[in-house]
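Asker: after the sequence you'll find the predicted model.
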Amino acid sequence: MREIVLDTETTGLDPQAGHRIVEIAGVELVNHVATGRTQQLYVNPEREVPEDAFRVHGLGLDYLKTFPTFRERAQEFLDFVQDARLVIHNAKFDLGFLNAELSWAGRDRLTNDSVDTVEMARRRFPGAQVNLDALCKRFEIDNSSRDFHGALLDCQLLAEVYLELRGGRQPGLELAKDARRGADGGSGPQFVKRDRTPRDPR
């Protein structure tokens, strides 16, 4: 079974208010084992990045406008995802943005099966915090590189959390403990820690 652990970063909370995706990333699992294949796409949002969003992910428009728009990257994203089951932390948020962007690009909505790890965690730990940092702490997953929210780093952390929620990580899976692969692209097993220095705030 092929799954993609998926995450996005955005300019805000609501695509219907004109907010856009600025980063998409995915980590491939086959039969719950990481293959080393990843995708990381930066996206020109074609709008300003509000200060509050910049403080979350450190990606400003002066940096992002050097990348293609979502319309130009849509096929690249769809070719990677294909018909895999999507594993997402708070799936309603990310799928809402992805489907809005696909609609604006003249594409069909995603019909992939999905798993919401927030709901998984709430069922397993009722009443406890279930954000990604809290789950990393609970499962003793090293998230010390998470100075900013970054889609690829968060996918790597979430892949480990997801497998813990399912009953335990596969030996040697420690995706988020080692160095991360560089920015934009990424399809091999090596990971180089990305410079998370904030980009231009506008």
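Answerer: The structure has been received and is ready for your questions. Numbers count the residues shown, from 1 in each chain.

Asker: can you verify V87 is assigned to a strand?
Answerer: Yes. Per DSSP: H, G, I helix; E, B strand; the rest coil, V87 lies within a strand segment.

Asker: how about the helices in the protein?
Answerer: In the chain, helices defined by DSSP state H lie at 51-57, 61-64, 70-81, 91-104, 117-124, 132-138, 151-165, listed in chain order.

Asker: tell me the most buried of those?
Answerer: Among the helices of the chain, the stretch with the highest mean neighbour count (mean count of other C-beta atoms under 10 Å) is helix 151-165, at a mean of 25. Just so you know, the C-beta spots here come from the backbone N, C-alpha and C atoms, and that holds for glycine as well.

Asker: still on that earlier bit, nearest to T11, out of the helices of the chain?
Answerer: Among these, the nearest to T11 by C-beta to C-beta is helix 51-57 (5.1 Å).

Asker: helices and strands around the closest one, which ones?
Answerer: With contacts defined as 3 or more C-beta pairs under 8 Å, 6 or more residues apart in numbering; DSSP states H and E, helix 51-57 has these neighbours: strand 2-10.

Asker: could you give the mean pLDDT of the strand it packs on?
Answerer: For strand 2-10, mean pLDDT is 98.

Asker: tell me what it is packed against?
Answerer: In terms of contacts (3+ C-beta pairs under 8 Å, 6+ apart), strand 2-10 is packed against strand 21-30, helix 51-57, helix 70-81, strand 85-88, helix 91-104, helix 151-165.

Asker: how about low-confidence regions in the chain?
Answerer: Filtered on pLDDT under 70, the chain yields the residue ranges 148, 169-202.

Asker: recalculate using a threshold of 50.
Answerer: 171-172, 176-183, 185-202 (pLDDT under 50).

Asker: out of the helices and strands packed on strand 2-10, which gets nearest to D133?
Answerer: helix 151-165 (8.8 Å).

Asker: relative to strand 2-10, how tilted is the closest one?
Answerer: 130 degrees (axes from the mean of the first three to the mean of the last three C-alpha atoms, to 10 degrees).

Asker: can you name every helix or strand that helix 151-165 contacts?
Answerer: strand 2-10, strand 21-30, strand 33-42, strand 85-88, helix 117-124, helix 132-138.

Asker: the inter-axis angle of that helix versus strand 33-42?
Answerer: 150 degrees.

Asker: pull the distance from helix 151-165 to the chain's centre.
Answerer: 9 Å (C-alpha atoms, centre = their mean, to the nearest Å).

Asker: then stretch 106-116?
Answerer: The answer for stretch 106-116 is 15 Å, by C-alpha atoms, centre = their mean.
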